[in-house]
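K.L.:
Sequence first, predicted model second:
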Amino acid sequence: MQPVFIAENASQLFAVYYPPKANAISRAIIHIPAFAEEMNKSRRMVALQAQALADQGYAVLVLDLYGTGDSSGDFSQATWQGWLENIQTAIAWLKQQGAVYIDLWALRTGALLAVDFACNHSPNSISKLLCWQPVLNGDTFVSQFLRLRVAAALFNSNAQQEKTADLKQQLMAGQALEVAGYLLNPELLKPLMAARADTNDYVGLEELCLIELVASADQEASFANQQFFNKLQQQPIQVSLQKAVGDSFWASQEITTAPELIQLTTTITQQWL
Amino acid sequence: MNLLSQISAILTATLQQPIAFDENTQLLGAIPEFDSMAVVSMVTALEDRFGFTIEDDEIDAEVFASVASLMAFVQEKLAAG
């Protein structure tokens, strides 16, 4: 495991690089993180999975997108377009290390970014995409995120009651907004709100693998994921939807892990190497 | 599964605390872990589980005061839907 700084124009992107344990580099995978606090909560799971992938023979890069983690910039300066370019930079860096095939492994809204990258920004650059608990509708996600600000009013009797619809309007009008300690740049939030997993052409991507965490083995995959999966079957791409039992580690109060998810992921990626 | 055990399961998953919830358990202001992040997680989990939509003005301190008030709210939403 090596901490690295990757130069991109005038900024430095921080990443943790896990070189492949035994073999020479051929296949690399980049982690595309979740949003804001969800990214922090999932650090441990991501580190565990990254190590497991490196043990398998993958070159793994866990990237802090611009304005997050230890990368340059403040969160308020982060934009969707900039994040897409960060992925491009990470790919170029991995290719310098000798990687031939690049896969992405995305968590939550990271899936929307990864899909936008693979389908629209740089078609044919990504081989396979694995998504953990993908957010499929950016607008719904943003509503849920803005609720943090609405809910915060419950703990402050002087705060005025706000509505997520009004907050969204402010973002659409180009106004930055602070939610749960994160200053949201409209240039980040507007594209996120517009992002939909199911409106893309999945041409140039070989395989898309969706994994949903469920509370118990008898629980079905969510309706949204099943619908997305059905829709993808009409696309010229290999697609699967699988379940793993475990806690929602990206949202839990205490840091938790979902060992079954790591096991399942490792089984899938074993066939990719 | 009855409503109390369903809500208890969601609370346990949200708070990650080994608390035995009953109808009299006080939440907002009584459990330190029950912060705004927990409220939002609860709202999303309730929507996912029961299939209704919770509006912004329904995210109210009284709803999240106790397990009993939360149960009453869910029952009301289910009856309305």
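P.N.:
That came through, no problem.

K.L.:
quick one: pLDDT of A:Glu220?
P.N.:
For A:Glu220, the pLDDT comes out at 87.

K.L.:
Flag the shaky bits of chain B, pLDDT-wise.
P.N.:
B:1, B:81 (pLDDT under 70).

K.L.:
Can you name the residues of it that neighbour chain A?
P.N.:
In this structure, chain B approaches chain A at residues B:9, B:13-17, B:28, B:33, B:35-41, B:43-44, B:48, B:56-57, B:59-61, B:64, judged by C-beta under 8 Å from any C-beta of the partner chain. Yep, even glycine has a C-beta here, placed from its N, CA and C like the rest.

K.L.:
among those, which ones are buried?
P.N.:
Neighbour counting over the residues of chain B next to chain A (16 or more other C-beta atoms under 10 Å in any protein chain shown) leaves B:9, B:13-16, B:28, B:35-41, B:43-44, B:56, B:59, B:64 as the buried ones.

K.L.:
taking these one by one, which sit in helices?
P.N.:
Using DSSP state H, the members of these that fall in helices are B:9, B:13-15, B:36-41, B:43-44.

K.L.:
Let me know the closest of those to A:Pro123.
P.N.:
Proximity to A:Pro123 was ranked across these by C-beta to C-beta; first place goes to B:Thr44, at 33.2 Å.

K.L.:
ok, that closest one - contacts?
P.N.:
A:144, A:147 (C-beta atoms under 8 Å, 6 or more residues apart in numbering or on different chains).

K.L.:
For chain A, which segments count as helices?
P.N.:
Secondary structure of chain A, counting by DSSP H: helices at A:37-41, A:43-56, A:80-96, A:109-116, A:138-152, A:164-172, A:186-194, A:223-232, A:259-270.

K.L.:
quick one: which of the ones you listed is nearest B:Glu23?
P.N.:
Of all these, the one in closest proximity to B:Glu23, counting by C-beta to C-beta, is helix A:138-152 (22.9 Å).

K.L.:
for chain B, what are the nearby residues on chain A?
P.N.:
Counting by C-beta under 8 Å from any C-beta, the residues of chain A near chain B are A:37, A:144, A:147-148, A:150-152, A:154-155, A:161-165, A:180, A:215, A:222, A:247-248, A:251-254, A:256.

K.L.:
Figure out how far stretch A:237-247 is from the centre of its chain.
P.N.:
Using C-alpha atoms, centre = their mean, to the nearest Å, we find the averaged C-alpha position of stretch A:237-247 to lie 15 Å away from the chain's own average C-alpha position.

K.L.:
I figured A:Glu260 hits A:Ala244, correct?
P.N.:
Yes. Taking contact to mean C-beta atoms under 8 Å, the distance of 4.5 Å between A:Glu260 and A:Ala244 places them in contact.

K.L.:
more neighbours, those two?
P.N.:
Neighbour count, other C-beta atoms under 10 Å in any protein chain shown: between A:Glu260 and A:Ala244, A:Ala244 has more, with 19 against 15.

K.L.:
tell me the contacts of the closest residue to A:Gln242 other than its chain neighbours?
P.N.:
Leaving out its chain neighbours, the residue that sits closest to A:Gln242 by C-beta to C-beta, 6 or more residues apart in numbering or on different chains is A:Ile211, at 5.2 Å. With contacts defined as C-beta under 8 Å, 6+ apart, the neighbours of A:Ile211 are A:130-133, A:241-244, A:261, A:264-265.

K.L.:
tell me the contacts of A:Glu38?
P.N.:
When contacts are counted by C-beta under 8 Å, 6+ apart, A:Glu38 is found next to A:107-109, A:250-251.

K.L.:
my bad, A:Glu206
P.N.:
Taking C-beta under 8 Å, 6+ apart as the contact definition, A:Glu206 lies against A:127-128, A:237-238.

K.L.:
Give me the contacts around stretch A:227-244.
P.N.:
Counting by C-beta under 8 Å, 6+ apart, the neighbours of stretch A:227-244 from elsewhere in the structure are A:136, A:197-198, A:201-203, A:205-214, A:217, A:219, A:221, A:225-226, A:258, A:260-261, A:263-264, A:268.
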